[in-house]
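S.K.: what follows is a predicted protein model with its sequence.
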Amino acid sequence: MAHNLRTKPAAFARLKELQWNRYGRCHEVVQDFIKHRKKISAHPQADAIWRLFDWMLCPLTFWALDYLGFSKHVLDLIKRKQAFEADEILLLKLIEPVPAEFAQSQVSEYEKTVVKGLYDRIMKKPKKFEQVDLVRSKDVGLHTCWNQIKSRFPVAKYRSPAGVVRRHLTKERNFDCHDKFAWKTRRQRFRVMLDALCYRHCLYGFEQDKPLLLKVSVNPTPHGTMIFVPKHMSLDGARDLDWKAIGQIHRAHGTRKQGTALSSKRILREAQREQALILDAMARKKKFKGEGRLQYILREMKLDIKRTSWMKSLLRERPIR
């Protein structure tokens, strides 16, 4: 990420553009990074520590771990002038650079629509959802059950600032998806009843007294893109979903175009790159330099020795990921 974000005004402005109260959650840590930037830049792990700073200013959608918590831990070590343990150094090395700026910008814009629950851009026929939503909004049985729950629990205490209560989330691939049954407090009992009611009527929660029906949704995550189709909706993939819009969201991960022919070419090029790297090391041992080094590699690979520009490009490539 650009060094010009390592000033308080620029970093704070960036945080305020992000969703889910990122300024409130992260501004003190960002301020600490900037306050101690001289110590950080002089640290043996400076590059990796600044990668952590970059994650503070990256859309939350891309977060694969608690970068905020780890940043606090690292800054605490720096403030106390304490040496990093081997485990901390290894974790710093494992942390990837943030995605490219264009990808962050694209996902940041998409997060704004997610916050508002607007997934219409991925649906060609939103009327199908609107029809079911209308039926749910007039469901007497649903409203009766909800009113009974409200009469027994202080629901207003459990609502978010936006007035929403929502069920527990279902986790990726349904692994460990259920919290342990807890029935001791009024809040715990309310959570269990809300989960049961939401499952029965295909909801993710309530906004005041409005039932919030589950929608078809597409969400980028740190590990890929999840497409969710609620059980109440029939699905015609070709007619219902805008695959061009979905592809645009998915490509924010840096996904490259794939196909049988393309994949075969990439595999061949990767094999050539690995062979060229081995020959390059041998050429350097033999004191070959410049064009002579590139021609040596081409000759050993039985390729045209005039393709030195191609060879230079091949040696600079990163491995296939």
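M.R.: Cool, got the structure. Numbering: from 1, shown residues only.

S.K.: CA only for contacts and neighbour counts going forward, please
M.R.: Will do.

S.K.: from residue 156, how far out is the spatially most central residue of the chain?
M.R.: By C-alpha atoms, centre = their mean, the chain has its centre lying nearest to residue 62, at 2.1 Å. Distance, residue 62 to residue 156, using C-alpha to C-alpha, to the nearest Å: 32 Å.

S.K.: again with residue 8
M.R.: Distance of residue 8 to residue 156, given as C-alpha to C-alpha: 38 Å.

S.K.: more crowded one of the two?
M.R.: residue 8 (17 against 13; other C-alpha atoms under 10 Å).

S.K.: I figured the more buried one hits residue 33, correct?
M.R.: No - using C-alpha atoms under 8 Å as the test, residue 8 is too far from residue 33 to be in contact (9.5 Å).

S.K.: so residue 165 is in which element?
M.R.: Using DSSP states H and E, residue 165 maps to strand 164-166.

S.K.: on contacts alone, who are the packing partners of the lowest-mean-pLDDT helix or strand in the chain?
M.R.: Lowest by mean pLDDT, DSSP states H and E among the helices and strands of the chain is helix 260-285, with a mean of 86. Under the contact definition 3 or more C-alpha pairs under 8 Å, 6 or more residues apart in numbering; DSSP states H and E, helix 260-285 sits against helix 290-300, helix 308-316.

S.K.: neighbours of residue 123, how many?
M.R.: Other residues close to residue 123 by other C-alpha under 10 Å number 22.

S.K.: got a list of what the closest residue to it other than its chain neighbours touches?
M.R.: Of all residues not flanking residue 123 in the chain, residue 241 sits nearest, at 4.8 Å (C-alpha to C-alpha, 6 or more residues apart in numbering). Contact analysis of residue 241 by C-alpha atoms under 8 Å, 6 or more residues apart in numbering lists 122, 123, 124, 125.

S.K.: just among those residues, which is most surrounded?
M.R.: residue 123 (22 neighbours).

S.K.: per-residue confidence at that one?
M.R.: Here the pLDDT value assigned to residue 123 is 86.

S.K.: how near is residue 171 to residue 60?
M.R.: 17 Å.

S.K.: what about the helices in the stretch 51-200 of the chain?
M.R.: Using DSSP state H, counting those that start in this stretch, the helices found in the stretch 51-200 of the chain span residues 67-79, 86-94, 101-115, 127-137, 140-152, 155-158, 186-201.

S.K.: hang on, the earlier thing: and the residue nearest to the centre of the chain, how far from residue 219?
M.R.: Counting by C-alpha to C-alpha, the gap from residue 62 to residue 219 is 11 Å.

S.K.: likewise residue 213?
M.R.: 17 Å.

S.K.: do the same with residue 84
M.R.: 36 Å.

S.K.: more neighbours, these two?
M.R.: Neighbour tally, residue 84 and residue 219, criterion other C-alpha under 10 Å: the higher count belongs to residue 219, 18 against 14.

S.K.: look up how far residue 141 lies from that one.
M.R.: 32 Å.

S.K.: what angle do the helix or strand hosting residue 248 and helix 101-115 make?
M.R.: Assigned by DSSP H and E, residue 248 belongs to helix 243-250. Relative orientation of helix 243-250 versus helix 101-115 (axes from the mean of the first three to the mean of the last three C-alpha atoms, to 10 degrees): 110 degrees.

S.K.: which strands and helices lie in contact with helix 243-250?
M.R.: Counting by 3+ C-alpha pairs under 8 Å, 6+ apart, the packing neighbours recorded for helix 243-250 are strand 217-221, strand 224-228.

S.K.: need the ones you listed in JSON lines with mean pLDDT and distance to residue 166, can you?
M.R.: Converted to JSON lines, the helices and strands packed on helix 243-250 look like this (pLDDT from 0 to 100; distance: least, C-alpha to C-alpha, whole Å):
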{"stretch": "strand 217-221", "mean pLDDT": "90", "distance to residue 166": "16"}
{"stretch": "strand 224-228", "mean pLDDT": "91", "distance to residue 166": "17"}
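
S.K.: looking at the ones you listed, which is buried most?
M.R.: strand 217-221 (a mean of 18; mean count of other C-alpha atoms under 10 Å).

S.K.: who touches it?
M.R.: 61-63, 107, 119, 122, 225-229, 246, 249-250.

S.K.: who has more neighbours, residue 171 and residue 60?
M.R.: residue 60 (20 against 10).

S.K.: how about that one, what does it touch?
M.R.: residue 19.

S.K.: any idea how far it is from residue 76?
M.R.: Residue 60 is 23 Å from residue 76, by C-alpha to C-alpha.

S.K.: again, but for residue 164
M.R.: Distance from residue 164 to residue 76, by C-alpha to C-alpha: 36 Å.
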